[in-house]
Structure formats: structure tokens, C-alpha cells
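Undergrad: got a structure for you, letters missing:
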């Protein structure tokens, strides 16, 4: 299996621009998670989906952030407009879940907003 | 929400030494995983271990769910073991993994 695939791996953008991060989960997995990692806050869950439906978005920092999962093999995390404090590594992860199961992470998207 | 505490925060070893990393959590869990984040930022699954003991080569882990802690053992450490080790738990009431702050391990040659 190819694992969780994220793109882009690295992005540098100017403040105010729209950023779209993409994720392809492992085939057959029914849960998808978006995490953000920063030095100050560590690894924090932003949102997760079950069977393409958003279940918990309480970690989404503000309205500038939005996430979609139009089908079982694709999800996006969008930041509009971006700000320097959004600079972080954004991880996508997926799992096949029933009362708990191993979660697999992608390699992350390294975002720098200048 | 559930609290996850890892210790020690930093650990420096000489190659060949053994070490024990600890993870304490504040509530009952469905899921506990140990991850290694390598210097390139990749998060690698080490163990899925909500209870019991597992071993994989030089690494092993034990979770005592009733006492709310887990231990990760690294034996005969190698420089490639360097990186950050995270413990992450999922509460019985939900599906979200909550991460500890990690243990930064440096193995010197």
C-alpha cells in the first residue's frame, strides 16, 4: 500500500493568499484526520471525518480554516486568507476503525506563510 | 479532555545504551500508540498497544491500562533511534488521538 499521500510537501506563500493542502488516505480506511504540528502547541487535531462526514471540527482554529472530504479517497484543508501564524506542518492521517485501531500518518505538508 | 504526560522531555544516550520512556494518561483509553518522529519529520508507528506488552526487535512497549501508563523500552540504542517519541491516546468516549509533548531522544555515536 502507498500509505497516506499528502501534497504539497512544502509550500511557501505570502500572507493573504489561499492555501490548499491535499490528502489521499489509505484505501479502505474510513476515518481521516487532519493534525497540525508547531513548536509551541505540539501535535493538535484540527478535524476528523468518518465515512466522509466531518465528525469533530472543534480543533479548527478559526473560520479561515475549512476542510472537505468529497469522497473516500480525497480530502482538502484550506486556509483563506493565510497568516504567518499558520506556518506549521500539517499532517493527514487515516485509519480503519472499530473501537480503536492503528492510525497512519502521511509525511506532512510543511507550510510557511511570509 | 484527557491529559497525556511524557517523561523525560529530553534524553541523551551513548550508542548501545538502554532507555525507558514513560507515558501517563489521565483517563481510560481505547487506543494507545507510540510514534517515532524522525529528523525528517516523518511520524512512524511503533506500537498500537492499548494494553499488554509487545516487542519489535530492539523496541518493546508495555501498557498497564488499569494504572494509566505505558512504557517504551529501547535496547542497544543506535544513532538512527534519534528523534522525538510520542505517545498518543484515544479516550473511550471518542475517536480522537491526543498526543503527549514527546521525548526528544539523542543517541550519540
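TA: Thanks, I have the structure now. Please read all numbers here as calculations on a predicted model, not as lab measurements.

Undergrad: get me the contact residues on chain A for chain B.
TA: When proximity is defined as Cβ under 8 Å from any Cβ of the partner chain, chain A approaches chain B at A:31, A:33, A:42-45, A:48, A:50, A:55-56, A:89, A:91, A:97, A:99-105, A:107-108, A:110. Glycine gets a C-beta too; all of them are placed from N, C-alpha and C.

Undergrad: for ChimeraX, write the select line for the buried members of those residues.
TA: Buried subset of the residues of chain A next to chain B, written as a ChimeraX selection, criterion 16 or more other Cβ atoms under 10 Å in any protein chain shown:
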select /A:31,33,42,43,45,48,55,56,89,91,97,100,101,103,104,105,107,108,110
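
Undergrad: for the closest residue to residue B:68 other than its chain neighbours, list each beta-bridge partner.
TA: Excluding the flanking residues, the one nearest residue B:68 by Cβ to Cβ, 6 or more residues apart in numbering or on different chains is residue B:25, at 5.1 Å. Going by DSSP bridges, residue B:25 is paired in beta bridges with residue B:4.

Undergrad: I'd say residue B:25 and residue B:69 touch.
TA: Yes. Counting by Cβ atoms under 8 Å, residue B:25 does reach residue B:69; the two are 7.2 Å apart.

Undergrad: element containing the residue nearest to the spatial centre of chain A, please.
TA: Taking Cα atoms, centre = their mean, the centroid of chain A lies closest to residue A:34, which sits 3.1 Å from it. In this assignment (DSSP states H and E), residue A:34 forms part of strand A:31-38.

Undergrad: summarise which helices and strands that strand is packed against.
TA: strand A:42-50, strand A:74-79, strand A:88-95, strand A:103-105 (3 or more Cβ pairs under 8 Å, 6 or more residues apart in numbering or on different chains; DSSP states H and E).

Undergrad: just to revisit the earlier point, please name the residues that touch the residue nearest to residue B:68.
TA: Counting by Cβ atoms under 8 Å, 6 or more residues apart in numbering or on different chains, residue B:25 makes contact with B:2-5, B:32, B:68-70, B:87, B:89.

Undergrad: list the contacts for residue B:65?
TA: Residue B:65 makes contact with B:28-29, B:50-51, according to Cβ under 8 Å, 6+ apart.

Undergrad: check residue B:27 too.
TA: Contact partners of residue B:27, counting by Cβ under 8 Å, 6+ apart, are B:2-3, B:68, B:91-92.

Undergrad: 6 Å - rerun?
TA: Residues near residue B:27 by Cβ atoms under 6 Å, 6 or more residues apart in numbering or on different chains: B:2, B:91.

Undergrad: what residues does chain B have near chain A?
TA: Residues of chain B found near chain A (Cβ under 6 Å from any Cβ of the partner chain) are B:30-31, B:41-43, B:45, B:48, B:90, B:96-97, B:99, B:101.

Undergrad: at 7 Å what do you get?
TA: Proximity of chain B to chain A (Cβ under 7 Å from any Cβ of the partner chain) is limited to residues B:30-31, B:33, B:41-43, B:45, B:48, B:50, B:86, B:90, B:95-97, B:99, B:101.

Undergrad: appreciated, that's everything.
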